[in-house]
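Visitor: For reference, the sequence and a predicted model appear below.
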Amino acid sequence: MLVLMLLALSSLIALPAIDRGLKDRQARQTALGLAAVARELSGRARYEGMPQQLIINVMNKSYLASRDREIQLPSDMKFGAIEGGETLEPNVHQFIFFPNGSNLGGRIDVATEPSNIAYSIRLHPLTGKVEVSRGNRQ
């Protein structure tokens, strides 16, 4: 009986930590995927010599990479704060990548629901560098 009580107690302690770790991993993978798309668009703009667009739709929880493929966030993920770029509609933002390697610059936050484990994707306007960081640091 004592062993069963110890197992139950240890599972009560361990399961929330495991769940939090899985949510953190999913948030990180989502942020890294979005950053990879931004880097791909930047490279494509330099290679093709034409500006490329990344369109974020906050309400649909999706982003559109250069008009050809829409990527949906996982069901328990959401966009947080979005800074920079251009606002096309109240919940639609556009980031443009230019052939000279620059972009409009800004920050896109993604977070888990409801635990709010957040990652930020930062687009540097002059250098074109794309960085991912945990939390919504500026």
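Guide: Thanks, I have it. Residues are numbered from 1 along each chain as shown.
Visitor: In three-state terms, label the residue minimising distance to the centre of the chain for me.
Guide: In the chain, the residue lying closest to the centroid (CA atoms, centre = their mean) is residue 31, at 3.3 Å. Following DSSP: H, G, I helix; E, B strand; the rest coil, we place residue 31 in the helix state.
Visitor: That one contacts residue 132, doesn't it?
Guide: Yes. At 5.1 Å, residue 31 and residue 132 qualify as touching, with contact defined as CB atoms under 8 Å. Yep, even glycine has a C-beta here, placed from its N, CA and C like the rest.
Visitor: joint contacts of the two?
Guide: 119, 120, 121 (CB atoms under 8 Å, 6 or more residues apart in numbering).
Visitor: So which residues of the protein form strands?
Guide: Assigned by DSSP state E, the strands in the chain fall at 52-57, 62-65, 69-72, 77-84, 86-89, 92-97, 106-112, 118-123, 130-134.
Visitor: Can you say which of those is nearest to residue 8?
Guide: For those, proximity to residue 8 was assessed by CB to CB; strand 106-112 is nearest, at 27.0 Å.
Visitor: Which neighbouring elements make contact with that closest one?
Guide: Other helices and strands packing on strand 106-112, by 3 or more CB pairs under 8 Å, 6 or more residues apart in numbering; DSSP states H and E, are helix 2-48, strand 77-84, strand 118-123.
Visitor: which of these sits most buried?
Guide: strand 118-123 (a mean of 23; mean count of other CB atoms under 10 Å).
Visitor: ok so, going back, CSV for the helices and strands packed on strand 106-112, including distance to residue 110 and mean pLDDT?
Guide: Listed next are the helices and strands packed on strand 106-112 as CSV, based on distance: least, CB to CB, whole Å; pLDDT from 0 to 100:
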stretch, distance to residue 110, mean pLDDT
helix 2-48, 5, 85
strand 77-84, 6, 90
strand 118-123, 6, 93
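Visitor: and the ones you listed as TSV, adding distance to residue 108?
Guide: Shown next, in TSV, are those (distance: least, CB to CB, whole Å):
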stretch	distance to residue 108
helix 2-48	7
strand 77-84	5
strand 118-123	5
